[in-house]
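Colleague: output the structure for:
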Amino acid sequence: MLGLVAVLLQKHDEVLKPVAFASRSLSNPETRYAQIEKEALASTWACEKLCKYILGLKFTIETDHRPLVALVGYKEFNQLTPRVLQFCC
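Modeller: Numbering: from 1, shown residues only. Coordinates of the predicted model:
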């Protein structure tokens with residue numbers, strides 16, 4: 001993974017239409033993150049970057065990284081790295 005990409009989609013007549021796009025390269029230290037940390041970073045960064053569109057609204061994050069999906073509702077926070085913990089909170 002060399003960068004982060006976010007796409008904000010809105011459903012119109014059951015069809016998803018693009019509203020906004022965002023991307024950035026990973027910094028040198030970020031390239032050394034574990035894969036789950038990169039995926040968590042991408043999700044939190046996307047929410048921060050697109051907050052003017054989603055603030056106060058119900059939205060869904062879609063990811064193909066199954067370990068990240070499993071963290072939603074995770075209870076044993078003491079076993080998570082701080083970068084992944086930021087995603088959970």
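
Colleague: got the CA positions of the strand or helix carrying Lys38 in CSV?
Modeller: Secondary structure assignment for Lys38, by DSSP states H and E: helix 35-49. Extracted in CSV, the C-alpha atoms of helix 35-49 (Å, rounded to 0.1, in the frame of the first residue of the first chain):
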residue,chain,number,x,y,z
GLN,A,35,-1.5,-3.8,7.3
ILE,A,36,-4.3,-3.5,9.8
GLU,A,37,-2.8,-0.2,11.0
LYS,A,38,-2.8,1.1,7.5
GLU,A,39,-6.4,0.1,7.0
ALA,A,40,-7.4,1.7,10.2
LEU,A,41,-5.5,4.8,9.2
ALA,A,42,-7.3,4.9,5.9
SER,A,43,-10.7,4.7,7.6
THR,A,44,-10.0,7.4,10.2
TRP,A,45,-8.3,9.7,7.6
ALA,A,46,-11.2,9.3,5.2
CYS,A,47,-13.7,10.4,8.0
GLU,A,48,-11.5,13.4,8.9
LYS,A,49,-11.1,14.4,5.3
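
Colleague: distance of the nearest residue to Lys49 once chain neighbours are set aside from Ala34?
Modeller: Among residues not flanking Lys49 along the chain, Ala22 sits closest, at 4.5 Å (Cβ to Cβ, 6 or more residues apart in numbering). Where C-beta positions appear, they are placed from N, C-alpha and C, glycine not excepted. Relative to Ala34, Ala22 is positioned 23 Å away (Cβ to Cβ, to the nearest Å).
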